[in-house]
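Trainee: just need the structure, nothing else, for what follows:
(chains A and B)
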Amino acid sequence: MSGAVVSIQERAARSRLGLWLFFVTEVFTFSTFLVLRFSLWGNTRPELDQNIGLVATAVLLISSWSMNRGELAIKYGDKRTFTTSLIITALLGIVFLAGIVVFEWGAVFGLSTGHYLPTDGVYGSVLFLMTGMHALHVLIGIIFIIKTLIDGNNGKFTPESHFGVEATALFWHFVDLVWVFFYPALYLIGTVHH
Amino acid sequence: MSNPTPNEKMAEKKAAAFRQSAYVFGGLALLTLIEFSLAGSSVALFVIGFGKAGLIVNYFMHISSLWSSEEH
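Mentor: Okay, the predicted model is just below:
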């Protein structure tokens, strides 16, 4: 046995590479959905509420910013900003999720009837496939953020060693990155199909 | 004029990092508004989408840390 000791930085570098390789596999999955959208919808799009799309996008962008602030805060030893930033990020994630489930899907009876059902032909099925898979990632991201918040408040992260925060932030930004392409594909590209 | 102390230097670096984060967010917000105003124009929307993705991958996801030994 060599008995080599792997430094915190080295371990973080290896974990970071593994996480990025995971993102590559995720890109394949989400790209397939985009190909499916353009193949089945062509240069048309379903009639969706533009306000929901814009507000959801804004909420996710702000959450990405607050996540970045949280990561920077732990790097500079500012625990208070770290905690408030992660709480804001988690809350915005919940707002995004609730917005899609309630207003786009109409899944909560009495609040909104939604625009399509998963059974409404190619428009409904592709819309629910894309937003559903993305919403699942948002949900997982929120769980990671809450876990990171608890760990952070238990003193598990320091300015020198905080890969857990970095990994959660990377995942959250990846979720935002996917929406950067899904938003125009669902709400903006093509002519409206009535 | 006295040299800044290590604490002052650290505070300065932290402020600069937070400022850059705000600028990136501002850029993303601006591009989103342009995107919204260009609804229907596929090519322009794709170009803007890749611009936004570049900002996120470079500044929020620190892709350069994959081949740099420096901690971000």
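Trainee: run through the residues that contact residue 34.
Mentor: All of this refers to chain A. Residues in contact with residue A:34 (CB atoms under 8 Å, 6 or more residues apart in numbering or on different chains) are A:181, A:182, A:185. Yep, even glycine has a C-beta here, placed from its N, CA and C like the rest.
Trainee: my question was about chain B
Mentor: residue B:48 are the contacts of residue B:34 under CB under 8 Å, 6+ apart.
Trainee: overlap between the contacts of residue A:34 and the residues near chain B?
Mentor: residue A:181 (CB under 8 Å from any CB of the partner chain).
Trainee: top helix in chain B by residue count?
Mentor: helix B:6-37 (DSSP state H).
Trainee: number of nearby residues for residue A:92?
Mentor: Applying other CB atoms under 10 Å in any protein chain shown, we find 22 residues neighbouring residue A:92.
Trainee: A strand includes residue A:73, no?
Mentor: No: the assignment for residue A:73 (DSSP: H, G, I helix; E, B strand; the rest coil) gives helix, which keeps it out of a strand.
Trainee: isn't it up against residue A:79?
Mentor: Yes: counting by CB atoms under 8 Å, residue A:79 is a contact partner of residue A:73 at 7.4 Å.
Trainee: so these two - more neighbours on which side?
Mentor: Comparing residue A:73 with residue A:79 by other CB under 10 Å, the one with more neighbours is residue A:73, at 25 against 13.
Trainee: ok, now how distant is the more buried one from chain B?
Mentor: 8 Å (CB to the nearest CB, to the nearest Å).
Trainee: tell me who's in contact with that residue.
Mentor: Contacts of residue A:73 by CB under 8 Å, 6+ apart are A:79, A:80, A:81, A:82, A:85.
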